[in-house]
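Need a 3D model of the sequence below.
(4 chains)
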Number of protein chains: 4
Amino acid sequence: MNSENFSISEKIVSASYIRQGLQARRSHEQLIRLLLEQGKCPEEGWSESTVELFLNELAVMDSNNFLGNCGVGEREGRVASSLVARRHYRLIHGIGRSGDIAAIQPKAAGSSLLNKLTNSVVLDVLRMAGVRSTSSCFVVPMATGMSLTLCFLTLRHRRPKARYIIWPRIDQKSCFKAMVTAGFEPVVVENLLEGDELRTDLEAVERKIQELGAESVLCVHSTTSCFAPRVPDRLEELSVMCAKYDIPHIVNNAYGVQSSKCMHLIQQGARAGRIDAFVQSLDKNFMVPVGGAIIAGFSEPFIQEISRMYPGRASASPSLDVLITLLTLGANGYKKLLKERKEMYTHLAKEVRKLAEGHGERLLNTTHNPISLAMSLDSLEVRNPDAVTQLGSMMFTRQVSGARVVPLGGEQVIGGHTFRGFMSHSESYPCPYLNVASAIGITHGDVALCMRRLDKCLRSLRKGVGPEEAGPEDTCTEPSLVE
Amino acid sequence: MNSENFSISEKIVSASYIRQGLQARRSHEQLIRLLLEQGKCPEEGWSESTVELFLNELAVMDSNNFLGNCGVGEREGRVASSLVARRHYRLIHGIGRSGDIAAIQPKAAGSSLLNKLTNSVVLDVLRMAGVRSTSSCFVVPMATGMSLTLCFLTLRHRRPKARYIIWPRIDQKSCFKAMVTAGFEPVVVENLLEGDELRTDLEAVERKIQELGAESVLCVHSTTSCFAPRVPDRLEELSVMCAKYDIPHIVNNAYGVQSSKCMHLIQQGARAGRIDAFVQSLDKNFMVPVGGAIIAGFSEPFIQEISRMYPGRASASPSLDVLITLLTLGANGYKKLLKERKEMYTHLAKEVRKLAEGHGERLLNTTHNPISLAMSLDSLEVRNPDAVTQLGSMMFTRQVSGARVVPLGGEQVIGGHTFRGFMSHSESYPCPYLNVASAIGITHGDVALCMRRLDKCLRSLRKGVGPEEAGPEDTCTEPSLVE
Amino acid sequence: MNSENFSISEKIVSASYIRQGLQARRSHEQLIRLLLEQGKCPEEGWSESTVELFLNELAVMDSNNFLGNCGVGEREGRVASSLVARRHYRLIHGIGRSGDIAAIQPKAAGSSLLNKLTNSVVLDVLRMAGVRSTSSCFVVPMATGMSLTLCFLTLRHRRPKARYIIWPRIDQKSCFKAMVTAGFEPVVVENLLEGDELRTDLEAVERKIQELGAESVLCVHSTTSCFAPRVPDRLEELSVMCAKYDIPHIVNNAYGVQSSKCMHLIQQGARAGRIDAFVQSLDKNFMVPVGGAIIAGFSEPFIQEISRMYPGRASASPSLDVLITLLTLGANGYKKLLKERKEMYTHLAKEVRKLAEGHGERLLNTTHNPISLAMSLDSLEVRNPDAVTQLGSMMFTRQVSGARVVPLGGEQVIGGHTFRGFMSHSESYPCPYLNVASAIGITHGDVALCMRRLDKCLRSLRKGVGPEEAGPEDTCTEPSLVE
Amino acid sequence: MNSENFSISEKIVSASYIRQGLQARRSHEQLIRLLLEQGKCPEEGWSESTVELFLNELAVMDSNNFLGNCGVGEREGRVASSLVARRHYRLIHGIGRSGDIAAIQPKAAGSSLLNKLTNSVVLDVLRMAGVRSTSSCFVVPMATGMSLTLCFLTLRHRRPKARYIIWPRIDQKSCFKAMVTAGFEPVVVENLLEGDELRTDLEAVERKIQELGAESVLCVHSTTSCFAPRVPDRLEELSVMCAKYDIPHIVNNAYGVQSSKCMHLIQQGARAGRIDAFVQSLDKNFMVPVGGAIIAGFSEPFIQEISRMYPGRASASPSLDVLITLLTLGANGYKKLLKERKEMYTHLAKEVRKLAEGHGERLLNTTHNPISLAMSLDSLEVRNPDAVTQLGSMMFTRQVSGARVVPLGGEQVIGGHTFRGFMSHSESYPCPYLNVASAIGITHGDVALCMRRLDKCLRSLRKGVGPEEAGPEDTCTEPSLVE
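Numbers count the residues shown, from 1 in each chain, chains lettered A, B, ... in the order given. Model (predicted):
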């Protein structure tokens, strides 16, 4: 209510109580003011009531909610279902304009503010999470893969002769398809085995650049967060190499915001060499629904160029989700989640090591991977070659989600390219293994339950009781392996 | 509740009342059964309670909502904010998998069902709306422009030598950018002036094909719904031509689902010649928030190929919105909206004609355009060359949204191409004009208000009272012209 | 947002768009201002977004939502469940104080405003609905019966010697119990049969007053809305009689607000004689959930005396419901509902007459009852004495709710008093009958469905197919008769 | 979804995923089954999704939500505003019938189940909280005061000659008014000062009984939870006395459920002597909105008699709130809250003692009061006689809610009775004091903030800077003293 309405209220309810109400309202306004002025994630999280107050205020500013509006265009933000209107807080116009996903919409001042603020708050969080020199970023309502495609399509205009993307192998379909969809030929560079770890083969990358000629290379496409025993790419060295050969460098930082190590690698890479853009998932880093990503970089003009490549308006839904989440958590809340995740990683590693040893297996030594862990399944396979895949099914059936079993010898053809040893990031990794990860939001309960169920599955498999014998509930034949 | 729980309830509350409750529950279940069995839009719309019951049931089937789940992966559908969880009905996992946006997710049976059913219901509605022979379609969480880009990128793999897209001119940025973003060179074919209408220059299109060589043409990119005085492209002839030269044909049907004429054109084109895919906006046709589109076609394998080009998972939000909306409206509700829209078109045309004549202008004769109308602004311009652009600002300020004023002589460079007479789909349209449209959901109130305000604006402009004189509220200098 | 925040927003998003947003916000504020200033039901209903904006503003003013509040009392408005907080819009402190249910709470300026405004808006609506001279009213979170009890308890303090309440018979339990619960002895005055109608026996009432002595009579307790063939009491004559003998007069106007006739009776009674308070249900007149009533009258001090009798705070839930409803409907929306109800009454009467005649029955002639209708069941009973009660069960099972079958010869003891011919308001009504009512919100669909099902039931009963033979679904033995 | 729908789903989405979904659904069903079977508060709290699933299931069973229902009665559960329908989960019919607030409604099986289950779960919690031998209870949508009135009104029918209620003084308006409203004359028995504590004067009570004669006494009305320095009544001795004189005994246990001491007193009283009913607030004990109470006792017939005194249906809102809350918390969650409250009491006492000593005051020694604490304000008053009341205003203005300042010499007339030393439960308590309480849900933050602000206020008052000098924000003249 505006001050006039507060004054009138004083005639209805005792003035001193109304004044206290007004003062209380001001404290919400004050939080909103800070957000608008600084464009930063608030230190302390907002209460749900402040968040909803703010979203309602934004909605009021969009023309579809004007009390006196009349619409005679082809896109007027009309909503047929009130369930739908409500779940979007009546913010219907999406974000961006035909020209630019970051542009302001005349019909939708509120949605435009939402869009600007989200990008600004997210930028603040990326810096806070470790990539201090990020200069610009924006949220796109597309997952990481398609967002990478958009980056590649943008680079095409800068490097019309380029046909290849150099890509240190990581066995995950969508980042591979991101290159194929953009119309480029991925040049897969196999990883080197160092101890248990699979790491970037820098010499092979450089050889490829020289072989193909820098001009014909669109970019190097590297990766931070990944499943162990692969570890984040050697970003600093790759960045220096990209600078040297004047080749763009796009980093797939899918779920790396949650790890200070991944973020540090990007910061160092950008400092020492060249990183054009780094792309991260919203859902995996900020605990929101699937469907959004952040495209970020160190040159504002380049990031703007990408945002201008997106043709047309776009869904505001991922922006809304991440803004609500970050306002609710606050910077301190998000930092706390990051800290807890790190601690849970240590705890998970300890637990896996203990369990592995109890079953004659071992925790692979992959200390460069700050999120994912791998436990060998050697002795399990020796007894029963099918047991490894059976383990995957059994875990799935027992509602352990996200545990990933990698048998030896998989092979898969994607976009014309044959991946030997698929899922293991390597043509011939020495042993089959099981992955678990300490991702943001994981709890002690998750770890305890997983360990208990894994232990049970391994015991029954050792006894020769595989899924077939284990009763109907367990005979899950669908592989939960490849997601 | 299952039947066991109903039985127990009979001990608490009189059995006959509980049995009536059980029977009531069955009537909801029955509606859900029909949807699952037939995959069609229900004849009669569902009540909100059935819709929410169904969505809650779907959510229960996703692993992030399993009561006994433990998650040790990198993507577990955790949600930090309960506001966010609620607004998505706890459906967090999005749609698709890394391989395919239409694929089933092991972790999310409910979201997978949602995705399949949405595509199926939407297919039913496209057929019902007039393109009876549509064989396949899917919802993408991207607006029309980016969805067109995805179609073009898919075609690239089939036509590696192609560099050009032939495009009968339509002055809308995002469809032009869709081609540029995909890495192709748009070949703009100017329209022919027939009476007041701007129509496809079929000969010029054929000339271009011959000139460039069919092999180097990725596709013809035609348009149905558009602003008058342009009218939908001659789809049948274009389709026959595409078939003759073996060139793919992609139709931008942005807001054409709401018009039986546009849908009929597509149906005829596909019957007589070749249409590979037609793309339509969710928000403009189904009254949902901005951000989704439907890619549809007549060959299931090709549509699947497009869906497999989308790298990675995607937001379920647009699918959820359109499913809620169609279940709530039912086929009859949607048909009623279409019928009302058509009637409002006739009403709007009558009103505009009346008003135009009162101001010495006329309603342009554009009968082939079933949605958009144009009224000349000749006499206004004669008096005062600035009045045309002033009119745009005045309408915006008076909360008439969507009215579009097109002055003569605009010029704009987009992606390197110079458009003379920009906004008018023509290098030299004979007169300036104002557009209004009868789009789905428009009401008698919208028309009446718009006419009243337009009349007032025209009157004050004739008196020489432009925005400058009209007080601070009116001095809006931002152009509401180009959206 | 306050003006300062709007100013800052102009630096983020184009100033002219923000100013339009600000203007849009003002139009909501303006609606709120009118409400605060006038305390009346707005002419036109508010949009849901204005309603929610307003409720959120109220909530912000309550101390439990103060961002800096610290609570060290025994009642701090803490809420354990966020589901609960949300459904009450975070208005947790209820209404009133220990001294008075209408009092202002220092801790809860917002809830206090809500309470005052609700009472004010409801007063406006009572006047608009016909009792123009109502001077004061308040909403209580108790149904009609308990609210009547509160009125009687208040009168006790004024008339310490009174022991009796004179009550023209109406066969509805809760209003009888209202007197017993308050500790008084109801003196039941049988009705007179005039044609088909049962009407107040004024002479008998006066005889009772003389017999008992005015001093020993707490009040006359009359009724407006009731089931046909009873009709509203002769309020004017009763009021004059009360004035003459200086006896208070309390009117049970349960669902009478929806009928201009009932309201007119009260207005006339108050003008010509004495009415101390009239009590009406919230749910039955305003389409809100069960649980609230309005206590209204013509002397502000007396109504205040009642409100001060309620010991302690009370639930704000019924106030909130009726305020949301009236703001959403607006005066015009509510009047439209009243008008439609009246038309549906005529329609229903016509349909019942037609159906009755087809089955050898007749619509009873009860024109003084503006809501409820009765159709004789004479010929049905002649054939089969059980058929009348069977009809009740069959209608219940077929999901016709609210149809009420009244057999002859019922008898019931309530609070020590034996009611012969219970349910029929008379010791010996001439025929059994079926009641249906045209209550606010009834639709053509309700009437059509009811007639169809009733027709079917009567047909099968005439064929001798009663519930027993009609299969398990129909064998409902629970009486739906007495509600 | 029922099993048939799950089967159909298996044709759409992989059978094994659907089966896992079905299994997940069963785990929710299983929780509901336990609740229905046992009628107890679940050990572990339910997730919000289980709670909402359950409420939606209940709503489906009410006739207003039947898809095929037609309503022709006067009360059909129609709802005009969808905001209102949603916030009540579409449970519109309230609870009870005209005859009995605990009765089952034929039209509303779901609401009836809700009502029965709530009463059953609440009974379980009362037993768990310490009154193990409670035999029966029910929730009423009235606050504590009005619920006490209902108990007194019920007793009237058992004791027609009684006129007095004996009441050990407690200075809280609504419990006094509860007696007056019911039409009885409260006989106030002053408390004894024992050390700092004010305790029941048992001899005076017995004297009053003998003086008035047991027959003319309706009941003894005692109190547990109260503001220090008063402490809970000597329930055991009073109960024995009531048994001896055959006088009913009603206990006002307003916010005593949260204290094991208060509950123990009731349990002991009932074991050793006579307690007919004890009444407690919902909001103060279960962190729900204001407006409900639980009436409980040890004789099922008597509790039923009370529930049958409530004339008419009633709001289901308080029942819904407490059910949601208890299902969400679970027994363990509620016990945890109780445990934390007890710990916070100790912490608060320590902090107040420390602060008091720093200001030359002392924490009064009131160990029999398990919730409320009092700190003397002697030295403050000595310096400045107005400072005590100023302190109250200052605390209110600084958003410390619930702190209660009690000056000497207050006097108030309520219902004809003059209370000297009002607010202090005593005609002449030796010193002024300040109350703070450790109520359920209080946090360390509350205590810390309160201490800091109290310290500041005391400092500035000692410096002679009272509210008048402290600027406009502080000049609150409304007394926050009496609530």
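
wait, does stretch A:310-323 contact chain B?
Yes: residues of stretch A:310-323 contacting chain B under CB under 8 Å from any CB of the partner chain: A:Tyr310, A:Pro311, A:Gly312, A:Arg313, A:Ala314, A:Ser315, A:Ala316, A:Ser317, A:Pro318, A:Asp321. Yep, even glycine has a C-beta here, placed from its N, CA and C like the rest.

which one of these is nearest chain C?
For the residues of stretch A:310-323 next to chain B, the residue nearest chain C by CB to the nearest CB is A:Ala316; the value is 14.1 Å.

Near the residue of the stretch 51-200 of chain A found nearest chain D, how many residues? Count them for me, please.
Nearest residue of the stretch 51-200 of chain A to chain D: A:Ser82, at 6.3 Å (CB to the nearest CB). Counted with other CB atoms under 10 Å in any protein chain shown, the neighbours of A:Ser82 add up to 16.

ok, it touching D:Ser82?
Yes: counting by CB atoms under 8 Å, A:Ser82 does reach D:Ser82; the two are 6.3 Å apart.

ok, back up a step: among the residues of stretch A:310-323 next to chain B, name the ones in helices.
The members of the residues of stretch A:310-323 next to chain B that map onto helices under DSSP state H are A:Ser317, A:Pro318, A:Asp321.

Give me the pLDDT for the residue nearest to the second one when sequence neighbours are not counted.
Spelled out, it's A:Pro318. Closest residue to A:Pro318 apart from its sequence neighbours, by CB to CB, 6 or more residues apart in numbering or on different chains: A:Gly292 at 2.7 Å. At A:Gly292, the pLDDT value in this model is 97.

Looks like A:Gly292 contacts A:Val139 (just checking).
Yes: between A:Gly292 and A:Val139 there is a contact under CB under 8 Å: 5.7 Å.

Please name the residues that touch the spatially most central residue of chain A.
Nearest to the geometric centre of chain A sits A:Ser281, at 2.1 Å (CA atoms, centre = their mean). Neighbour list for A:Ser281: A:Ala143, A:Thr144, A:Ala254, A:Tyr255, A:Gly292, A:Ala293, B:Arg75 [criterion: CB atoms under 8 Å, 6 or more residues apart in numbering or on different chains].

secondary structure element for the third one?
So the one you mean is A:Ala254. Using DSSP states H and E, A:Ala254 is not contained in any helix or strand.

Near it, how many other residues are there?
Using other CB under 10 Å, A:Ala254 has 28 neighbouring residues.

What separation do you get for it and chain B?
Distance of A:Ala254 to chain B, computed by CB to the nearest CB, to the nearest Å: 8 Å.

wouldn't that residue be in contact with A:Thr144 here?
Yes: here A:Ala254 lies in contact with A:Thr144, judged by CB under 8 Å, at a distance of 5.0 Å.

how does chain A divide up, domain by domain?
A:1-34, A:109-324, A:334-463 (the TED database).

Now tabulate the ones you listed in a markdown table and tack on distance to C:Ala277.
Below are the domains of chain A laid out as a markdown table (distance: least, CB to CB, whole Å):
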| stretch | distance to C:Ala277 |
| --- | --- |
| domain A:1-34 | 24 |
| domain A:109-324 | 48 |
| domain A:334-463 | 58 |
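
so which of the ones you listed gets nearest D:Ala162?
For D:Ala162, the closest of those is domain A:1-34, at 40.4 Å, according to CB to CB.

Buried ones in the closest one, by neighbour count?
A:1-2, A:5-6, A:8-10, A:12-22, A:24-25, A:28-29, A:31-33 (16 or more other CB atoms under 10 Å in any protein chain shown).

same deal with stretch A:326-346?
So stretch A:326-346, judged by 16+ other CB under 10 Å, has buried residues A:326-331, A:333-335, A:337-338, A:340-342, A:344-345.

Repeat that for stretch A:202-210.
In stretch A:202-210, counting by 16+ other CB under 10 Å, buried: A:Leu202, A:Ala204, A:Val205, A:Glu206, A:Lys208, A:Ile209.

and what of stretch A:307-316?
Quick answer for stretch A:307-316 (16+ other CB under 10 Å): A:Ser307, A:Arg308, A:Met309, A:Tyr310, A:Pro311, A:Gly312, A:Arg313, A:Ala314, A:Ser315, A:Ala316.

Mind putting the residues you listed into a markdown table with distance to D:Ser239 and pLDDT?
As requested, the buried residues of stretch A:307-316 are exported to a markdown table (distance: CB to CB, whole Å; pLDDT from 0 to 100):
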| residue | distance to D:Ser239 | pLDDT |
| --- | --- | --- |
| A:Ser307 | 76 | 95 |
| A:Arg308 | 81 | 94 |
| A:Met309 | 81 | 93 |
| A:Tyr310 | 76 | 92 |
| A:Pro311 | 80 | 88 |
| A:Gly312 | 77 | 86 |
| A:Arg313 | 73 | 92 |
| A:Ala314 | 71 | 96 |
| A:Ser315 | 66 | 97 |
| A:Ala316 | 64 | 97 |
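
Looking at the residues you listed, which is nearest A:Ile266?
A:Ser307 (19.7 Å).

who's in contact with the closest one?
With CB under 8 Å, 6+ apart, A:Ser307 has these contacts: A:Gly96, A:Asp100, A:Ile101, A:Ala102, A:Phe138, A:Ile295.

most surrounded residue in those?
Neighbour-wise, these (other CB under 10 Å) top out at A:Gly96, 31 neighbours.

doesn't A:Pro311 make contact with it?
No: here A:Gly96 does not reach A:Pro311: they are 9.8 Å apart, not a contact under CB under 8 Å.

Rank the helices and strands of chain A by mean pLDDT and give me the bottom one.
Taking mean pLDDT, DSSP states H and E as the measure, the helices and strands of chain A show their lowest mean at helix A:378-383, namely a mean of 90.

For that one, what is the distance to the chain centroid?
35 Å (CA atoms, centre = their mean, to the nearest Å).

I'd like the next helix or strand past that helix.
Past helix A:378-383, the next helix or strand by DSSP H and E is helix A:387-397.

Return the list of helices and strands in contact with that next one.
helix A:378-383, strand A:404-406, helix A:444-462 (3 or more CB pairs under 8 Å, 6 or more residues apart in numbering or on different chains; DSSP states H and E).

Any part of the shortest one near chain B?
Yes: residues of strand A:404-406 contacting chain B under CB under 8 Å from any CB: A:Arg404.

can you pull the pLDDT of A:Gly471?
Reported pLDDT for A:Gly471: 38.

my bad, A:Ser9
95.

So it lies in a helix, does it not?
Yes: assessed by DSSP: H, G, I helix; E, B strand; the rest coil, A:Ser9 belongs to a helix.

Leaving out chain neighbours, which residue sits closest to it?
Closest residue to A:Ser9 apart from its sequence neighbours, by CB to CB, 6+ apart: A:Ile18 at 4.8 Å.

so which helix or strand takes in the one you found?
Counting by DSSP H and E, A:Ile18 is found in helix A:15-38.

For whichever residue of the stretch 51-200 of chain A sits closest to chain B, identify the helix or strand it belongs to.
Closest contact between the stretch 51-200 of chain A and chain B, by CB to the nearest CB, is at A:Gly73 (1.9 Å). Under DSSP H and E, no helix or strand contains A:Gly73.
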